[in-house]
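Undergrad: Give me coordinates for this.
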Amino acid sequence: MKKITFVVMAIFLSVAFYPLQSVATPAKDATPTSLVVKNPTESIEYKALLARLETIEKLDKSDLKSAEKRELRKEVRSIKKQLHEMGGYVYVSVGALILIALLLIILL
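TA: Model (predicted):
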């Protein structure tokens with residue numbers, strides 16, 4: 001009985017890992033399409049927000065009152081939040097970095 005289950009499992013595994021070739025030929029009348037992804041760093045709004053941040057950094061804050069400084073800090077925070085939302089950031093966890101490093105070590 002054990003021999004039969006072993007043989008059946010071996011057959012299923014060999015079928016599961018059998019390399020099948022997929023045929024991906026395009027149709028003759030199909031027109032090629034492409035997806036254009038706009039880089040957020042090239043947009044006008046992104047550049048305007050960066051310019052505003054630079055002007056705030058260059059501003060002489062020594063003669064400003066504390067309320068004005070507070071407003072500038074709030075504005076800088078809101079601009080940085082908008083830039084963060086517009087930008088394409090990729091977050092990679094520590095576990096993912098370890099997994100990627102292990103795969104690279106094993107494969108290379």
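Undergrad: Which elements pack onto the helix or strand where residue 71 lies?
TA: Assessed by DSSP states H and E, residue 71 sits inside helix 66-86. Here helix 66-86 touches helix 44-58, going by 3 or more C-beta pairs under 8 Å, 6 or more residues apart in numbering; DSSP states H and E. All C-beta atoms are positioned from the backbone trio N, CA, C, and that covers glycine.
Undergrad: residue ranges with poor pLDDT in this structure?
TA: Filtered on pLDDT under 70, the chain yields the residue ranges 1, 15, 17-41, 88-90.
Undergrad: circling back to that earlier point, who touches the helix holding residue 71?
TA: With contact meaning C-beta atoms under 8 Å, 6 or more residues apart in numbering, helix 66-86 is reached by 40, 43, 45, 46, 49, 50, 52, 53, 56, 59, 61, 64.
Undergrad: residues of it that come out buried?
TA: For helix 66-86, a neighbour-count test (16 or more other C-beta atoms under 10 Å) marks 79, 83 as buried.
Undergrad: Report the backbone C-alpha coordinates of it in CSV.
TA: The C-alpha trace of helix 66-86 is given here as CSV (Å, rounded to 0.1, in the frame of the first residue of the first chain):
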residue,chain,number,x,y,z
SER,A,66,7.6,82.3,16.9
ALA,A,67,4.1,82.2,15.3
GLU,A,68,5.5,82.8,11.9
LYS,A,69,8.1,80.1,12.4
ARG,A,70,5.4,77.7,13.5
GLU,A,71,3.4,78.4,10.3
LEU,A,72,6.5,77.8,8.2
ARG,A,73,7.1,74.5,10.0
LYS,A,74,3.5,73.5,9.4
GLU,A,75,3.9,74.4,5.7
VAL,A,76,7.1,72.4,5.4
ARG,A,77,5.5,69.4,6.9
SER,A,78,2.5,69.6,4.6
ILE,A,79,4.8,70.1,1.5
LYS,A,80,6.9,67.1,2.5
LYS,A,81,3.7,65.0,3.1
GLN,A,82,2.5,66.0,-0.4
LEU,A,83,5.9,65.2,-2.0
HIS,A,84,5.9,61.8,-0.2
GLU,A,85,2.4,61.0,-1.5
MET,A,86,3.4,62.1,-5.1
